[in-house]
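Trainee: Predicted model follows, preceded by the sequence.
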Amino acid sequence: MSEKNREGKRTARERLAAEREKQKAAEKRRRTLIVGASVVGVLGLAAVIGVVAANAGKDDGGENAAGPVVAPSGAQGEDALAIPVGEAGASSTLTVWEDFRCPACKNFEDTYRSTVHELTEAGKLKVEYHLATIIDGNMGGSGSRNAANAAACAQDAGKFTAYHDVLYENQPAETDDAFSDNARLLELAGKVDGLDTPAFRACVEQGTHNSWVAKSNEAFRSGGFTGTPTVLFNGKNIYQDQTMTPAKLKKMVQEAAQG
């Protein structure tokens, strides 16, 4: 083989080797780019997940929504969590813990409503209403809270008792969170003379008393109560008394009034 041919083959081998090195370098760069892009993608996904996690549980309309605790007008008792009905100087006090979505609360109201009204209007009984949201916690939704806020708004307007009764008279099924719809609560306000005003509507739609409702529910949970309704007569739980009737309650109130 001539020197010229040997030189030509060597040059060809060198070119081939150089080409292979270039291909290896290109492949290495490609793998590096793929890995880098994957890392960026993972980091980006992690960032998105972090944002989602950071916002998990945040519900502007939820029970723990940020905002000042605004008690309704005339609220009394510890932390102003009781809405009073009746004469302040009445000889007997009925303390009622209720949830507007609670079927047992509706049953209590339907059974005792006329008797309670009779006794409060006669100045013999004062009722302190405390509002809870346990059905929201058990079933999900926000109807208990929204209805309680609307009732507190009605208290601002001096229409609590009438609206309270309307809510129970129109209570949806326990699994139906109809009271979460402010439009429904405003519609029911139309059943109470003079309640459906711009001020009441703003109070309902803005959830003015939501934080107060949340605080009331916290008081219920920390009070050792077992459920709603919880009804105390001068501090004694009478709802657990299987012999209790409207007539018996009326007799107890009359006896207390006589001293």
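Mentor: In hand now; what should we look at? Residues are numbered from 1 along each chain as shown.
Trainee: Now do Thr245: how many residues are near it, please.
Mentor: Using other C-beta atoms under 10 Å, Thr245 has 12 neighbouring residues. Heads up, the C-betas are built off the backbone N, CA and C, glycines and all.
Trainee: oh sorry, the question was meant for Ala82
Mentor: Ala82: 23 neighbours (other C-beta under 10 Å).
Trainee: From Ala183, how far off is the closest residue to it other than its chain neighbours?
Mentor: Closest residue to Ala82 apart from its sequence neighbours, by C-beta to C-beta, 6 or more residues apart in numbering: Glu128 at 4.0 Å. Relative to Ala183, Glu128 is positioned 30 Å away (criterion: C-beta to C-beta, to the nearest Å).
Trainee: go on, Lys236?
Mentor: 41 Å.
Trainee: Could you do Val127 as well?
Mentor: 29 Å.
Trainee: same thing with Ala189?
Mentor: From Ala189 over to Ala183 (counting by C-beta to C-beta), the distance is 11 Å.
Trainee: between these two, who's got more neighbours?
Mentor: Using other C-beta under 10 Å as the criterion, Ala189 and Ala183 rank with Ala189 on top: 24 against 9.
Trainee: Let me know whether that one touches Tyr163 as I believe.
Mentor: Yes - look at Ala189 against Tyr163 with C-beta atoms under 8 Å: they come within range, at 6.5 Å.
Trainee: and for the two, which residues touch both?
Mentor: Ala150, Ala154, Leu195 (C-beta atoms under 8 Å, 6 or more residues apart in numbering).
Trainee: other SSEs contacting the helix or strand that contains the first one?
Mentor: Spelled out, it's Ala150. In the assignment (DSSP states H and E), Ala150 maps to helix 143-156. Here helix 143-156 touches strand 83-85, strand 125-131, helix 134-139, helix 160-169, helix 182-189, helix 198-206, helix 210-222, going by 3 or more C-beta pairs under 8 Å, 6 or more residues apart in numbering; DSSP states H and E.
Trainee: about what we covered before: could you identify which of the shared contacts of Ala189 and Tyr163 has the most neighbours?
Mentor: Busiest of the shared contacts of Ala189 and Tyr163 [other C-beta under 10 Å] is Ala150, holding 30 neighbours.
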